[in-house]
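Asker: Let's see this in three dimensions:
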Amino acid sequence: MKAVYRVLALTATLLALAALRYTPGLSGATTTGQISGTIKLDGQAPRRRPIDMSKDPGCAQMRGGAEAASESVVVGANGGLANVVVYVSQGLTGNEAASSQPVTITQRGCQYVPHVVAMNVGQHLTLVNEDKTLHNIHPEPTRAGNTQWNKSQMSGGPPIDVTWASEEVAIPVKCNVHPWMRGFIAVTKGPFAVSNENGAFRLDNVAPGTYTLTAWQETYGTQTQKVTVVAGKPTTADFVFKAK
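Answerer: Numbers count the residues shown, from 1 in each chain. Sure thing, here's the model as predicted:
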């Protein structure tokens, strides 16, 4: 009789383990969450100012006649605001790993492409010159630990590799040779994203917790909101900037 009970108990245990193994959501469940949303401009978008490159005819020639315009405010057809850096500004543990995604700024057509990049402290940034002219890269950080530098880069010259030691949103970058060339490098300590031409953004692999999310735009400044991330579930956070 005792043997029968032992067999029944073993069978029940095996069935329970099998049920646990195949219960949806428990097997292979993710331990991180995601934050996504849209950045929009409320009001009339300012006219994008044309850039005069006549001081270096080679720049206009390299663009093949395509006009260049200021990128300080870029708004899509649906009111989405591009080039907005969204990052976790409070609530981090300090143990977040730096992103392994490559970050590159390309000098193309005498402009910085992309206009705004984001990266983590200690992450490598590569600067490339695709133009047939000399450029001068001059970041101007103000945060302690981030050193200002000024380097020339010949056409076809080797890439410049740089890292930043401190969080700073955002570091302006200019070219002393072509004064219309402007860009920004946002250095963060945790998850980040840059909104696309539709104003959409997404932060992946965010650990569960409650955070302050900050959106930075070079003309309109910053906005913040609290978000709570749950493992395996998407979190939505939308921002609206008021047009000036």
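Asker: Which parts of this structure are helices?
Answerer: 2-21, 57-62 (DSSP state H).
Asker: ranking these by mean pLDDT, which is last?
Answerer: Among those, helix 2-21 carries the lowest mean pLDDT, at a mean of 47.
Asker: partners of the residue most central in space within the chain in the sheet?
Answerer: In the chain, the C-alpha nearest the mean C-alpha coordinate belongs to Ala193, at 2.9 Å (C-alpha atoms, centre = their mean). On the basis of DSSP bridges, Ala193 is bridged to Val86.
Asker: who's in contact with it?
Answerer: Residues near Ala193 by C-beta atoms under 8 Å, 6 or more residues apart in numbering: 85-87, 118, 201-203. In this view, the C-beta of every residue, glycine as well, is placed from N, C-alpha and C.
Asker: What about these, which one has the most neighbours?
Answerer: Each of the contacts of Ala193 was scored for neighbours by other C-beta atoms under 10 Å, and Val86 scores highest at 28 neighbours.
Asker: roughly how far apart are that one and Asn198?
Answerer: 14 Å (C-beta to C-beta, to the nearest Å).
Asker: again, but for Arg143
Answerer: 31 Å.
Asker: Could you chop this protein up by domain?
Answerer: What automatic domain parsing lists as the domains of the chain is 1-30, 32-242.
Asker: Pick the most buried one from these.
Answerer: domain 32-242 (a mean of 17; mean count of other C-beta atoms under 10 Å).
Asker: Quick one: end-to-end distance for that one.
Answerer: One end of domain 32-242 to the other measures 33 Å (C-alpha to C-alpha, to the nearest Å).
Asker: who's in contact with Arg108?
Answerer: Contacts of Arg108 by C-beta under 8 Å, 6+ apart are 130-131.
Asker: For it, give its distance to Lys40.
Answerer: In terms of C-beta to C-beta, Arg108 sits 28 Å off from Lys40.
Asker: Right, I'll leave it there.
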